[in-house]
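Asks: no FASTA, just this:
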């Protein structure tokens, strides 16, 4: 349990550090907390099903309901970062990062290490690679030297 929670916090930090570095409203701490909270909800749900009062034949766990609850909660939180300012939509990437942090926390809470780690590494790679590509595209093609 401790390893799963620690993994969730570390992977949330990995996702959030890029947002922090870019000085976005939801950064390192927010992503860590979303990821950790998702893992906690997941572990609590698993433990509840295995607790003696709920261990009877009449109690069944539907994993899709757990995913649905965490997804809905994190999506609501992430939507708060998406704003319309001066005719432009801002915060979508931050919201998507938070949504991903929720998914990573869910995977970590379930003990699905490979999915949690792979998704986090891919998120960081996407944040960095796409940002670099956007910088290149904004600069435009290099000006060619005049023909002599």
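Replies: Received the coordinates, thanks. Source: prediction; values computed, not measured.

Asks: any idea which helix or strand carries residue 89?
Replies: Using DSSP states H and E, residue 89 falls within strand 88-90.

Asks: List the neighbouring strands of that strand plus their orientation.
Replies: strand 83-85 (antiparallel) (DSSP bridges).

Asks: which residues does the spatially most central residue of the chain contact?
Replies: For the chain, residue 101 is the residue whose C-alpha lies nearest the centre (CA atoms, centre = their mean; 1.8 Å). Residues in contact with residue 101 (CB atoms under 8 Å, 6 or more residues apart in numbering) are 11, 12, 15, 16, 31, 32, 34, 35, 38, 74. C-betas here are computed from N, CA, C, even on glycine.

Asks: Which helix runs longest in the protein?
Replies: For the chain, the helix reaching the highest residue count under DSSP state H is reported as helix 113-139.

Asks: What residues of that one count as buried?
Replies: The neighbour-count check on helix 113-139 (16 or more other CB atoms under 10 Å) flags 116, 117, 119, 120, 123, 127 as buried.

Asks: Please apply the same query to stretch 22-31.
Replies: Those would be 24, 26, 27, 28, 30, 31, for stretch 22-31 by 16+ other CB under 10 Å.

Asks: quick one: contacts of it?
Replies: So stretch 22-31 is contacted by 12-13, 15-17, 19-20, 78, 81, 91, 93-95, 97-98, 101, 131 (CB under 8 Å, 6+ apart).

Asks: again, only using 7 Å
Replies: With contacts defined as CB atoms under 7 Å, 6 or more residues apart in numbering, stretch 22-31 is touched by 12-13, 15-17, 19-20, 81, 91, 94, 97-98, 101.
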